[in-house]
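Colleague: Quick one, fold the following:
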Amino acid sequence: MHEPIMSVDTLRAFLDAEFPQMHFGGQTFHLETVGPLTARLRMDYHERHLRPGGTISGPAMMTLADLALYAAILAQIGPKPLTVTTNLSFNFLRKPAQRALIAECTILKLGKRLAVGEVRLTSEGDPALVCHATGTYSIPIAKNAVS
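Modeller: Now for the predicted structure:
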């Protein structure tokens, strides 16, 4: 089993240092847990994440899903900030409730150069999916590695 090499606290500190802009205007994204090939994040319900009609916007859900994938991967491979998104796909399934969103990420494949995962977004307290996302990340090769 792939045990994480970065703890929740270490990963939080890394994200805060490398991506302080993610907390611009106040912190609303929270890394809750990391585990073997998994991560769980929470996005507070906040007016800056809303679209007309008072629902959480697609871009806010996309940000949460992308951040969950990034966190799950980094927890497994260590602090490699140049690990980057190469593909994301979203299926918006239902209108989220007016409360926090929970992202449950599972890495499906963790290779040397690519990682593939899925993220299940739910409204806090409700197990019904509001969004299902899949994504692929490119993992940088160590400078001393041979291709």
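Colleague: Show me what residue 91 is bridged to.
Modeller: The residues paired with residue 91 through beta bridges, assigned by DSSP bridges, are residue 132.
Colleague: That one contacts residue 130, doesn't it?
Modeller: No. In this structure, residue 91 is not within contact of residue 130 by C-beta atoms under 8 Å, at 10.0 Å. For every residue, glycine as well, the C-beta is placed using N, CA and C.
Colleague: more neighbours, the two?
Modeller: Between residue 91 and residue 130, counting by other C-beta atoms under 10 Å, residue 130 is the more crowded of the two (20 against 9).
Colleague: my guess is that one contacts residue 93, does it?
Modeller: Yes. At 5.9 Å, residue 130 and residue 93 qualify as touching, with contact defined as C-beta under 8 Å.
Colleague: quick one: contacts for residue 107?
Modeller: 2, 37-38, 72-73, 76, 115-117 (C-beta atoms under 8 Å, 6 or more residues apart in numbering).
Colleague: From residue 118, how far off is it?
Modeller: Using C-beta to C-beta, to the nearest Å, one obtains 8 Å as the distance from residue 107 to residue 118.
Colleague: Which positions in the strand or helix carrying residue 135 come out as buried?
Modeller: In this assignment (DSSP states H and E), residue 135 forms part of strand 129-138. For strand 129-138, the neighbour count (16 or more other C-beta atoms under 10 Å) marks 129-131, 133-137 as buried.
Colleague: Just send those back as JSON lines, with pLDDT too.
Modeller: Compiled in JSON lines, the buried residues of strand 129-138 are given as follows (pLDDT from 0 to 100):
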{"residue": "129", "pLDDT": "98"}
{"residue": "130", "pLDDT": "98"}
{"residue": "131", "pLDDT": "98"}
{"residue": "133", "pLDDT": "98"}
{"residue": "134", "pLDDT": "98"}
{"residue": "135", "pLDDT": "98"}
{"residue": "136", "pLDDT": "98"}
{"residue": "137", "pLDDT": "98"}
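Colleague: from the middle of its chain, how far away would stretch 95-102 be?
Modeller: Its chain's C-alpha centre lies 16 Å from the corresponding centre of stretch 95-102 when counted by C-alpha atoms, centre = their mean, to the nearest Å.
Colleague: The lengthiest helix in the chain - what's its average pLDDT?
Modeller: Determined from DSSP state H, the single longest helix within the chain is helix 58-77. Averaging pLDDT along helix 58-77 gives 97.
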